[in-house]
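Trainee: Okay, here's the prediction I keep looking at, along with the sequence it came from:
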Amino acid sequence: YKKNLKALYLVHPTNFIRIIWKIFRAVISVKFGRKMMYVNCLNELSQYLNLDQISIPQPVLEHDERLMAKNSRFSSSSAAAPSPPHTPAPTPLPTQQFGVSLQFIKENHQGEVIPPLVRQCVEFLSSPDALETEGLFRRSANVSVVKELQAKVNQGLPIEFNGDVHIAAVLLKTFLRELEEPIMTFDLYDEITQFQSISKDERPRHVKILILEKLPEDNYQVLKYIVRFLSKVMDRCDLNKMTSFNLAVVFGPNLVWSQSGQLSLSAIAPINMFTDFVLVHHDQIFII
């Protein structure tokens, strides 16, 4: 997937690594070389990635603290200088769809349960050409274009995908990932991450209880809408290579995460298994 790589961030690079990279950069493709970015500390990395959704090992955090403390001693500013005051999050625009709740979108879009962006992405991706695109939902898209379209959506402006299925696919995943609360809600996180421990005979009943009884009605409707679309993607897996398992790997972390925002390695397998089960048995789970 080197061709799909948009950026490679090297955190806490040593001088030795910098020298080695400088030597070998001459024999590595120029295009790949531009994707390599040095990041001296986690604070710099936070400008590009949402660190709350990354499980960073404790030794890395401790090393980062030591580096920051060391740098502060040589800084012209005092290490004891007070940190800047916390700036409250800006009030979202009524037209905003990214980074807000399903309820907020519903209240500000004429009571529509299915967010307009979700509907637009799904309708665009439901064409035969889009459904048969190899690597649908696994391929990346131009980051700057995605951010530009996000801004337009939040401002209530119309957007066009210009025939690029990967732009629409990434926007759909980004929408789900940036919701204030995941589609499967924080309350159901612990039960979902215990999915592997449930016997195979009990899994159908357990999943039905989670989705039909415990999931809020609006969340249920959005999940059903997305899963039924993904079933169409699965039906063409011979062409797009997106089996239920591959889709579960992509969508699982975008449907389920904890209130802390971090996704531990131990939670990935049960979340993906749960998502795969929902996709495979969707016609037995969701009420028409």
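Mentor: Arrived safely, thanks for sending.
Trainee: make it CA atoms for all contacts and neighbour counts henceforth
Mentor: Fine.
Trainee: so who does the residue nearest to the spatial centre of the chain touch?
Mentor: Nearest to the geometric centre of the chain sits R177, at 4.0 Å (CA atoms, centre = their mean). Neighbouring residues of R177 by CA atoms under 8 Å, 6 or more residues apart in numbering: 253-255.
Trainee: buried ones in stretch 247-259?
Mentor: Within stretch 247-259, the residues that count as buried by 16 or more other CA atoms under 10 Å are 247-258.
Trainee: same check, this time on stretch 152-160
Mentor: 153-154.
Trainee: can you list the residues that contact it?
Mentor: 93, 95-98, 117, 149.
Trainee: rewinding a little: let's have the buried residues of stretch 247-259 in a markdown table, adding pLDDT, distance to K224 and secondary structure.
Mentor: Shown next, in a markdown table, are these (pLDDT from 0 to 100; distance: CA to CA, whole Å; DSSP: H, G, I helix; E, B strand; the rest coil):
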| residue | pLDDT | distance to K224 | secondary structure |
| --- | --- | --- | --- |
| L247 | 97 | 15 | helix |
| A248 | 96 | 15 | helix |
| V249 | 94 | 18 | helix |
| V250 | 94 | 17 | helix |
| F251 | 96 | 14 | helix |
| G252 | 95 | 14 | helix |
| P253 | 93 | 17 | helix |
| N254 | 95 | 15 | helix |
| L255 | 97 | 12 | helix |
| V256 | 96 | 15 | coil |
| W257 | 94 | 19 | coil |
| S258 | 92 | 21 | coil |
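Trainee: sorry, back to before: Provide the backbone phi and psi angles at the residue nearest to the centre of the chain.
Mentor: Dihedral pair for R177: phi -70, psi -30, per degrees, to the nearest 10.
Trainee: quick check, nearest of the contacts of stretch 152-160 to P270?
Mentor: F98 (26.7 Å; CA to CA).
Trainee: what helix or strand is that closest one on?
Mentor: Counting by DSSP states H and E, there is no helix or strand that carries F98.
Trainee: And the nearest residue to it once chain neighbours are set aside, how close does it get to V280?
Mentor: Once flanking residues are discounted, F98 sits nearest to F175: 5.7 Å by CA to CA, 6 or more residues apart in numbering. From F175 across to V280, the span is 23 Å (CA to CA, to the nearest Å).
Trainee: just how off-centre is the helix ranked longest in the chain within its chain?
Mentor: Counting residues, the longest helix in the chain under DSSP state H turns out to be helix 217-235. Put simply, helix 217-235 sits 17 Å off its chain's centre (CA atoms, centre = their mean, to the nearest Å).
Trainee: And the next helix or strand past it?
Mentor: Using DSSP H and E, the helix or strand that follows helix 217-235 in sequence is helix 237-240.
Trainee: Send me that next one as CSV with only the CA atoms.
Mentor: Written as CSV, here are the backbone C-alpha positions of helix 237-240 (Å, rounded to 0.1, in the frame of the first residue of the first chain):
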residue,chain,number,x,y,z
CYS,A,237,-16.7,-8.4,-3.2
ASP,A,238,-15.5,-10.5,-6.2
LEU,A,239,-14.8,-7.2,-8.0
ASN,A,240,-14.1,-4.7,-5.2
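Trainee: So which elements touch the longest helix of the chain?
Mentor: Packing contacts for helix 217-235, counted by 3 or more CA pairs under 8 Å, 6 or more residues apart in numbering; DSSP states H and E, involve helix 102-108, helix 265-280, helix 282-285.
Trainee: winner for burial among these?
Mentor: helix 265-280 (a mean of 19; mean count of other CA atoms under 10 Å).
Trainee: Taking helix 217-235 as reference, get the angle to that helix.
Mentor: Counting by axes from the mean of the first three to the mean of the last three CA atoms, to 10 degrees, helix 265-280 lies at 80 degrees to helix 217-235.
Trainee: what's the model's confidence in whichever strand or helix holds the residue nearest to F98, averaged?
Mentor: Taking DSSP H and E as the definition, one finds F175 inside helix 165-177. Per-residue pLDDT values across helix 165-177 average out to 97.
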